[in-house]
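> Sequence and predicted structure are below.
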Amino acid sequence: MTPTFAADLALRSSALLACAWLAAAAVRLRGGSAATRHAMWMLGFATIGALPLLAWLLPPIGLPILPPEPVAQALPIRVAAAAAVTPAPGVSRLDPLLLVYAAVAALLLARLALGRALLERLWRKAAPVAEWSAELGRVCDLLGIHRPVAMRMAATPTVPMTWGAIRPRILLPRDALGWSRDRLRSVLLHELGHVSRYDSVGALIAQAVCALHWPNPLAWHALRQMRLAQEQACDDLVLANGAEATAYARDLLDSACALQPRLAAAALGMSGRNDLELRLRSILGPGRRRRAGILFVTFAATLAAFAGVLVATVVPVSARAPVASAAPARTFIRPGAPLAPAPPAPESAQTPVPPSPVPARHPRPAPTVAEAAATESSPRPGEPDAYARELERYSRELAQYNRELAQYDREKDVYGAELERYGAERQAYRAQQGDYRRKLAAYRRRMAEIGPHPPPGVTIPTAPTAPTAPTAPTAPTAPTAPTAPTAPTAPTVPGAAPGHST
């Protein structure tokens, strides 16, 4: 997992949690029951848990919302960035933030496993209560529970709690021997309501998702709301089966006050102190107490699946094709994706200007007749002739440079056309990649159905062939401008003092 992948996953999970929050708020405003709100939160957690699997199985869907990606000088920068982040063989580079994330997630998962181990320890120390088996059987028949449910009495102060999906268990406090029959029936209805709704599995999934998304505060808020809706749904079940609201609220308050603070904070079942006030208001107030309907849950699950697929597969892409830009592009390259083509090289030099004669540094006095005769008669080196020859060579090279520059302009036009063709081939390559992923998923499903030892007569399918990435065109090379000759130095007049003028 990379930091970019972790940030992308956090953003997508936050979008799904926001959808679940809006759905639960809409149900509350419409006067829906707590069971319906719990279904909304549970569908949100289930969709978040399936996000990595959906992103791996389904092909990405491009959403053109990003600005055009500049391509000038993008290839060298991308190659350099890829070389910079590729570790040498045998060397692993780990991000410290990822190490912190993994450590905290592992601690939260270990805490979850430790909680389950402590529940098993309480169960081993608890004593069976055979005298309440008849009442337990009647409540199970009332709720339509056909799984065997075990019930014991704890040896230490605790609250009524239940856990387990395949083998449900109910643990009652040791002071339950003094309860009335109505209170015992209400407690059993509440705890068996969790069993009939498989709340133990839902809570385990939600806690595991929160452990993996622990930096996201929305996940913890959603977990608290889901737990509250879970308890309120079981309270509604108790009231819907004939329990008196005031007596049930009094029993709930007595159970919470009978615990020590440290035990009440760790309670998982009937009387947690944090949401006790909200539960009491829900019990004593008016409201719908029905279970979520099958049609409504099916429709909500379909919408949740559609939202999960959409959030998992949508990838933001550029709104238009890449455009030329002088600024380097800072982009991230997805592994296996083709690199962007190299940009045309800029012209390395301007057309040179023929040099002008270099003036003398200091003005000279007018020479006398004798000095002029001496100057004319004194032999000069062949500076003018050599300069003329050098200037003639420079003119020839300048003409050749102009021809090469014109050829370079024509090659740039051809390169631009090839670059447009390459962009179209990349779009086709992406579509072929999506089709290849779908075929590969179907091939894997078929091979899983056939198994490692196919029976006689079964045709083994052929694995799909991966598409070939297009080749980026090569940018032409700009010609090198010739070097201008250096003008000869003017001769010095005899008799003139350096650094002075007359």
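Received it, and whenever you're ready, just let me know what you need.
> after the least confident helix or strand in the chain by mean pLDDT comes which helix or strand?
Ranked by mean pLDDT, DSSP states H and E, the helix or strand of the chain with the weakest confidence is helix 74-85, at a mean of 39. Per DSSP states H and E, the first helix or strand lying C-terminal to helix 74-85 is helix 96-125.
> just checking, what packs against that following helix?
Counting by 3 or more C-beta pairs under 8 Å, 6 or more residues apart in numbering; DSSP states H and E, the packing neighbours recorded for helix 96-125 are helix 3-29, strand 161-163, strand 169-172, helix 199-212. Quick note: C-beta positions are derived from backbone N, CA and C, even for glycine.
> Buried residues, that helix. List them.
101, 105, 108, 112, 119, 122 (16 or more other C-beta atoms under 10 Å).
> cool, and stretch 155-171?
Buried residues in stretch 155-171 (16+ other C-beta under 10 Å): 158, 159, 160, 161, 162, 163, 164, 168, 169, 170, 171.
> Please tell me how far residue 306 sits from residue 43.
Look at residue 306 and residue 43: by C-beta to C-beta, to the nearest Å, they are 11 Å apart.
> So for the two, which residue has more residues nearby?
residue 43 (22 against 11; other C-beta atoms under 10 Å).
> Spatially nearest residue to the more buried one (excluding sequence neighbours)?
Nearest non-adjacent residue to residue 43, counting by C-beta to C-beta, 6 or more residues apart in numbering: residue 304, 4.2 Å away.
> you'd agree that neighbour is up against residue 45?
No. Judged on C-beta atoms under 8 Å, residue 304 makes no contact with residue 45 at a distance of 10.1 Å.
> These two: which is more packed in?
Between residue 304 and residue 45, counted using other C-beta under 10 Å, the more crowded position is residue 45 (26 against 22).
> how about the more buried one, what does it touch?
By C-beta atoms under 8 Å, 6 or more residues apart in numbering, residue 45 lies in contact with 20, 202, 205, 206, 209, 222, 223, 226.
> Pipe these into TSV and attach neighbour count, distance to residue 481 and pLDDT per row.
Below are the contacts of residue 45 laid out as TSV (neighbours: other C-beta atoms under 10 Å; distance: C-beta to C-beta, whole Å; pLDDT from 0 to 100):
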residue	neighbour count	distance to residue 481	pLDDT
20	25	66	84
202	21	74	89
205	15	70	90
206	23	70	91
209	23	64	91
222	28	66	89
223	18	69	91
226	26	72	89
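> Can you give me the distance of residue 220 to residue 109?
Going from residue 220 to residue 109 by C-beta to C-beta gives 15 Å.
> I'd like to know which elements the helix or strand encompassing residue 429 is packed against.
Assigned by DSSP H and E, residue 429 falls within helix 383-450. Taking 3+ C-beta pairs under 8 Å, 6+ apart as the contact definition, helix 383-450 has no neighbouring helices or strands.
> CA atoms only for the helix or strand hosting residue 283, dumped as PDB, please.
For residue 283, the element it lies in under DSSP H and E is helix 276-284. Extracted C-alpha coordinates of helix 276-284, given in PDB (Å, rounded to 0.1, in the frame of the first residue of the first chain):
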ATOM      1  CA  LEU A 276     -28.300   5.400  27.600                       C
ATOM      2  CA  GLU A 277     -30.200   8.800  27.400                       C
ATOM      3  CA  LEU A 278     -30.900   8.400  23.700                       C
ATOM      4  CA  ARG A 279     -32.200   4.900  24.300                       C
ATOM      5  CA  LEU A 280     -34.500   5.900  27.100                       C
ATOM      6  CA  ARG A 281     -35.900   8.700  25.000                       C
ATOM      7  CA  SER A 282     -36.500   6.300  22.200                       C
ATOM      8  CA  ILE A 283     -38.200   3.800  24.600                       C
ATOM      9  CA  LEU A 284     -40.500   6.400  26.200                       C
END
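> Residue 152 in helix, strand or coil?
Under DSSP: H, G, I helix; E, B strand; the rest coil, residue 152 falls in the strand class.
> what residues are up against it?
123, 126, 127, 128, 129, 169, 170, 171, 172.
> hey, what's the residue nearest to the fourth one when sequence neighbours are not counted bridged with?
Yep, that's residue 128 we're talking about. Nearest residue to residue 128, sequence neighbours excluded (C-beta to C-beta, 6+ apart): residue 152, at 5.5 Å. Per DSSP bridges, the residues bridged to residue 152 are residue 128, residue 171.
> what's the domain layout of the protein?
Following automatic domain parsing, one finds the domains of the chain at 3-85+101-314, 343-356+382-451+462-486.
> Pick the most deeply packed of these.
domain 3-85+101-314 (a mean of 17; mean count of other C-beta atoms under 10 Å).
> Touching stretch 200-219 from outside, list them.
Contacts of stretch 200-219 (C-beta under 8 Å, 6+ apart): 9-10, 13-14, 17-18, 21, 41-42, 45-46, 48-49, 101, 104-105, 108-109, 112, 162-165, 168, 194, 220, 222-223, 226-227, 230.
> how far does it sit from the chain's center?
17 Å (C-alpha atoms, centre = their mean, to the nearest Å).
> so where's the stretch 151-300 of the chain shaky on pLDDT?
Residues of the stretch 151-300 of the chain that meet the criterion pLDDT under 70 lie in 258-274, 287-293.
> Can you tell me the SS state at residue 469?
State at residue 469, reduced to three classes by three-state DSSP: coil.
> Could you do residue 59 as well?
Here residue 59 takes the coil state, with states given by three-state DSSP.
> got a list of what it touches?
313, 433, 434, 435, 437, 438.
> ok, the fourth one to residue 159 distance?
Translated: residue 435. 56 Å.
> Check the first one too.
Relative to residue 159, residue 313 is positioned 44 Å away (C-beta to C-beta).
> ok, now residue 246?
According to C-beta to C-beta, residue 246 stands 21 Å off from residue 159.
> Same check on residue 443?
The value you get for residue 443 to residue 159, if C-beta to C-beta is used, is 52 Å.
> cool, residue 67 as well?
57 Å.
> cool, residue 301 as well?
32 Å.
> before we move on, what about residue 55?
Applying C-beta to C-beta to residue 55 and residue 159 gives a distance of 40 Å.
> Okay, and residue 454 sits in which element?
Per DSSP H and E, there is no helix or strand for residue 454.
> Which residues lie in contact with it in this structure?
Contacts of residue 454 (C-beta under 8 Å, 6+ apart): residue 460.
> quick one, phi/psi of it?
phi -70, psi 140 (degrees, to the nearest 10).
> Local confidence estimate at it?
Turning to residue 454, the model gives it a pLDDT of 77.
> How about residue 367?
The model reports residue 367 with a pLDDT of 50.
> need the contact list for the closest residue to residue 278 other than its chain neighbours.
Nearest non-adjacent residue to residue 278, counting by C-beta to C-beta, 6+ apart: residue 228, 6.2 Å away. Going by C-beta under 8 Å, 6+ apart, residue 228 touches 275, 278, 279.
> Can you tell me which of the residues you listed is nearest residue 241?
Comparing the contacts of residue 228 against residue 241 with C-beta to C-beta places residue 279 closest, at 17.2 Å.
> so where is the stretch 351-500 of the chain shaky, pLDDT-wise?
Using pLDDT under 70, the flagged stretches of the stretch 351-500 of the chain are 351-384, 484-500.
> correct me, but residue 222 touches residue 44?
Yes. Here residue 222 reaches residue 44: they are 6.4 Å apart, a contact under C-beta under 8 Å.
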